[in-house]
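J.: when you get a sec, could you give me coordinates for this:
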Amino acid sequence: MDIIELVIDENEEFSGIDAISVVENPAIEEDFVALKKQNPIQLKEIDAEKRILMGAALVPDRPIYRKREEHEFYIYFSKQTIRKASELFLMRGNQHKATLEHKNEYLEGMTIVESWLVEDKQQDKSAKYDFDVPVGTWMVSMKVDNDKVWTKVKAGEIKGFSIEGYFADKMERPKDKQVDKLSEEKNILKEIIDVLSR
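T.: Below you'll find the model as predicted:
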């Protein structure tokens with residue numbers, strides 16, 4: 001079975017994470033990444049009075065099963081891609097973009113107030129709250145000032161974070177580079193022919 005690394009295509013304006021969804025069952029769907037239905041890392045209610053939730057947004061090198069028509073495969077994110085994705089998420093000002101179960105509308109009153117990468121399992125803040133996540137995991141804390149969402153959290157209907165974004169398939173990228181290189185070589189050859197024909 002294929003194991004495919006998803007990466008950020010830095011030449012694509014929309015590549016990366018657009019929003020974080022709060023979901024009942026966090027995994028990944030198609031090329032538009034929506035983590036739901038697989039191996040959730042539970043959210044923890046850090047402060048009920050302040051309505052702050054903490055959890056993993058992305059875990060490095062974790063194989064996630066996918067099925068597209070008859071093709072079965074796994075995808076994963078490297079530590080480098082997770083670092084880049086977390087940085088771009090904040091640089092683009094997406095910390096206010098949150099959805100519920102990946103619906104097409106952003107929720108009011110949902111804000112990422114903390115974002116960090118785990119660098120040391122024992123000394124990291126995530127360990128303080130009993131998260132057992134590997135080095136390179138992207139952790140976030142979300143402030144929930146949305147009563148409807150908070151009611152779902154209290155009822156146990158929201159259990160994890162799930163990213164939404166666009167990523168390139170690393171298996172396809174070498175082909176793209178070959179096409180670019182071939183195109184570049186054709187342009188050079190055309191210039192040489194133009195010069196020689198003068």
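J.: low pLDDT regions in the chain?
T.: Scanning the chain for pLDDT under 70 picks out the ranges 26-42, 45-48, 170-198.
J.: pick out the residue closest to the middle of it.
T.: Nearest to the mean C-alpha position of the chain, by C-alpha atoms, centre = their mean, lies I163 at 4.6 Å.
J.: excluding its backbone neighbours, what's nearest it?
T.: Leaving aside its sequence neighbours, I163 sits nearest to I17 (C-beta to C-beta, 6 or more residues apart in numbering; 5.0 Å). To be clear about C-beta, it is placed using only N, CA and C from the backbone, and glycine gets the same treatment.
J.: give me the three-state assignment for the one you found.
T.: In three-state terms, and counting by DSSP: H, G, I helix; E, B strand; the rest coil, I17 is strand.
J.: count of neighbours near it?
T.: Using other C-beta atoms under 10 Å, the number of residues around I17 comes to 25.
J.: list the contacts of it.
T.: Listed by C-beta atoms under 8 Å, 6 or more residues apart in numbering, the contact partners of I17 are 33, 57, 85-86, 88-89, 94, 163-165.
J.: now G165: how far from D18?
T.: Counting by C-beta to C-beta, to the nearest Å, the gap from G165 to D18 is 5 Å.
J.: looking at those two, which one has more neighbours?
T.: More crowded of G165 and D18, by other C-beta under 10 Å: G165, with 23 against 19.
J.: right, and that one touches A85 too?
T.: Yes. Counting by C-beta atoms under 8 Å, G165 touches A85, with 7.1 Å between them.
J.: overlap in contacts of those two?
T.: With C-beta under 8 Å, 6+ apart, G165 and A85 have common neighbours 16-17.
J.: that's a helix at K121, yeah?
T.: No. Read with three-state DSSP, K121 is coil and lies in no helix.
J.: ok, it to F131 distance?
T.: K121 is 9 Å from F131, by C-beta to C-beta.
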